[in-house]
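Enquirer: Kindly generate the corresponding structure for this input.
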Amino acid sequence: MKAPLFLWQLDEADYRLLCRHLGLTPVKALHERLAAHLGTLALRRRPPRGLALHLARLQPSRLRLAWLDVITRLWFPDHPWRQRLNALVAIHECHPQGRRELSAVPRGWRTWPFLARLGAEYTLTVATALPWLGWQALRCRFGRSLAPLEALAGQRLLITGVSRGLGRDLMSAAIQLGAHVVGTVRTPEDRARLLSTLPAGTPLELVVLDLAQPDQAVTALEEAGVDPTAIDLTILCAGVKRETSVLDDTALTHTFQVNFFANVALARWYLHGRPDGRLAMISSMGRWHGMGGTGGYNASKAALSIWAESLEMETGDRDHPPHILVVEPGLFTSGMVADRGLAGRLAVDRRDLALRILAAAQTDRGTLRPPAWFAGATWALVLAGRGMRRKLLARAREETQS
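Expert: Below you'll find the predicted structure:
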């Protein structure tokens with residue numbers, strides 16, 4: 001059995017994290033070569049199982065990556081994270097800058113303090129990795145069931161925004177679980193770049209469309225021959241978040257076109273062809289409050305959540321109504337959330353989020369707000385009043401940007 005693509009992909013955020021862990025400078029061309037190499041490995045490697053599979057699904061942080069480095073070196077030599085690290089070193093060794101960085105070591109009397117520090121860091125990492133591994137083993141053994149995911153085998157999914165971030169994780173996870181994916185990307189360059197990282201025969205169709213032009217987005221799908229009656233699940237995932245004032249008409253219009261009106265147009269097109277279809281819309285917990293600098297994003301997500309709820313009310317009396325899932329996640333690692341500061345510490349596991357969305361879409365659940373503690377904190381913030389929200393969110397924004 002081939003190892004699933006989902007476990008081998010390496011997006012830009014993960015690549016930068018691996019480079020930071022190894023003290024290397026990220027190089028875009030090397031990332032593309034590395035991603036293509038890992039795609040071919042997926043055809044030759046046996047998939048991990050049990051605890052190894054659980055570890056492969058984790059979204060790494062700097063500390064978690066240090067633990068995974070040690071753990072896979074000692075016990076899981078064929079693990080996807082071990083192969084990523086090994087391949088990254090090998091590819092950077094063939095690049096002049098990478099070779100200089102990998103060979104840079106102290107000389108003379110500085111050698112002994114350097115070796116002592118390495119030994120201390122390695123010992124500390126191993127000592128802290130073992131309890132963490134035990135905790136992950138318990139999570140793997142007693143964690144929630146993802147049985148609904150088995151229903152995805154043989155289904156046909158439409159997912160928007162699959163070139164990066166959550167959309168790409170949703171695409172990869174769905175393919176791993178046996179689904180055929182029709183994905184959308186914004187430019188021909190995005191399409192070529194994504195295809196270059198995937199092995200031949202991947203059950204994926206890519207359609208180039210611009211969500212900033214909702215009517216043309218629907219036309220692009222129709223011209224590509226995408227039949228809504230053949231789509232079992234549509235996930236409207238693509239979105240844009242711009243750091244600008246809500247008084248900026250151009251930015252606000254663009255944000256609403258992509259985050260709201262395009263989703264409305266695509267949902268209308270899909271449900272017209274498949275009135276009993278399954279539809280998942282990715283909103284945000286930010287839809288519950290304003291936010292300085294990114295208020296346009298929050299407002300567009302509020303519109304999307306309320307529109308989806310209204311759609312459910314209007315179609316609920318049908319003999320075979322559509323199933324509409326509204327996903328309002330907290331922070332998760334993406335191009336919209338930097339892997340640093342407060343946002344980086346609060347960001348949830350994006351790969352796990354993708355699996356939870358796919359599982360929820362197979363059930364009758366109407367809303368998904370992971371993680372629960374973040375939803376609770378958001379609602380407490382809402383009840384705190386506008387003045388308190390203004391102070392706390394301004395402080396959080398400063399921390400996020402630091």
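
Enquirer: isn't A36 right up against L195?
Expert: No - using C-beta atoms under 8 Å, A36 is not in contact with L195, being 9.9 Å away. Heads up, the C-betas are built off the backbone N, CA and C, glycines and all.

Enquirer: Can you pull the residues that touch both of those two?
Expert: Common neighbours of A36 and L195, counting by C-beta atoms under 8 Å, 6 or more residues apart in numbering, are absent.

Enquirer: Can you tell me what sits against the one helix or strand L63 maps to?
Expert: Per DSSP states H and E: L63 is located in helix 62-74. Residues from elsewhere that reach helix 62-74 (C-beta under 8 Å, 6+ apart): 17-18, 20-21, 55, 58, 60, 79, 81-82, 85, 122, 125-126, 128-129, 132-133.

Enquirer: Narrow those to those in helices?
Expert: Within the contacts of helix 62-74, residues falling in helices by DSSP state H are 17-18, 20-21, 55, 81-82, 85, 122, 125-126, 128-129, 132-133.

Enquirer: any idea which of the residues you listed is the one closest to E243?
Expert: Using C-beta to C-beta, L17 is the member of those that lies nearest E243, at 22.6 Å.

Enquirer: wait, doesn't the closest one sit right on P60?
Expert: Yes - judged on C-beta under 8 Å, L17 makes contact with P60 at a distance of 6.2 Å.

Enquirer: residues in contact with S283?
Expert: 301, 304-305, 308, 326-328.

Enquirer: For L392, see how far away it is.
Expert: Distance of S283 to L392, computed by C-beta to C-beta, to the nearest Å: 22 Å.

Enquirer: cool, and L53?
Expert: 39 Å.

Enquirer: element containing the residue nearest the centre of the chain?
Expert: Taking C-alpha atoms, centre = their mean, the centroid of the chain lies closest to L166, which sits 2.7 Å from it. Here L166 is covered by helix 165-176, with elements defined by DSSP H and E.

Enquirer: what lines up beside the next helix or strand after that helix in the sheet?
Expert: Sequence order places strand 180-185 as the next helix or strand after helix 165-176, per DSSP H and E. Partners of strand 180-185 in the sheet, by DSSP bridges, are strand 156-159 (parallel), strand 204-208 (parallel).

Enquirer: how far does the helix or strand following the last one sit from the chain's center?
Expert: For strand 204-208, the following helix or strand on the C-terminal side (DSSP H and E) is helix 214-223. A distance of 25 Å separates the C-alpha centroid of helix 214-223 from that of its chain, computed with C-alpha atoms, centre = their mean, to the nearest Å.

Enquirer: and helix 214-223, what does it pack onto?
Expert: Secondary-structure packing of helix 214-223 (3 or more C-beta pairs under 8 Å, 6 or more residues apart in numbering; DSSP states H and E): strand 180-185, strand 204-208, helix 262-273.

Enquirer: Pull out the buried residues from the second one.
Expert: The one in question is strand 204-208. Residues of strand 204-208 classed as buried: 204, 206-207 (neighbour count, 16 or more other C-beta atoms under 10 Å).

Enquirer: ok, now stretch 190-207?
Expert: 190-191, 194, 197-199, 202, 204, 206-207.

Enquirer: likewise stretch 296-306?
Expert: Going by 16+ other C-beta under 10 Å, stretch 296-306 has these buried residues: 296-305.

Enquirer: Contacts for that stretch next, please.
Expert: Contacts of stretch 296-306 (C-beta under 8 Å, 6+ apart): 239-242, 244, 246, 248, 251-252, 255-256, 258-260, 263, 281, 283-284, 286-291, 326, 328, 336.

Enquirer: These in strands, which ones?
Expert: Among those, DSSP state E puts 281, 326 in strands.

Enquirer: Give me the distance between A179 and G39.
Expert: When A179 is compared with G39 (using C-beta to C-beta), they lie 18 Å apart.

Enquirer: Between the two, point out the one with more neighbours.
Expert: A179 (23 against 20; other C-beta atoms under 10 Å).

Enquirer: how about that one, what does it touch?
Expert: 152-157, 203.

Enquirer: G98: which of those is nearest?
Expert: Distances from G98 to those, taken by C-beta to C-beta, are shortest for P203, at 34.5 Å.

Enquirer: List the contacts of that closest one.
Expert: Per C-beta under 8 Å, 6+ apart, neighbours of P203: 175, 179-181.

Enquirer: at 7 Å instead, please
Expert: 175, 180-181 (C-beta atoms under 7 Å, 6 or more residues apart in numbering).

Enquirer: for it, phi and psi?
Expert: Per-residue torsions, P203: phi -70, psi 70 (degrees, to the nearest 10).
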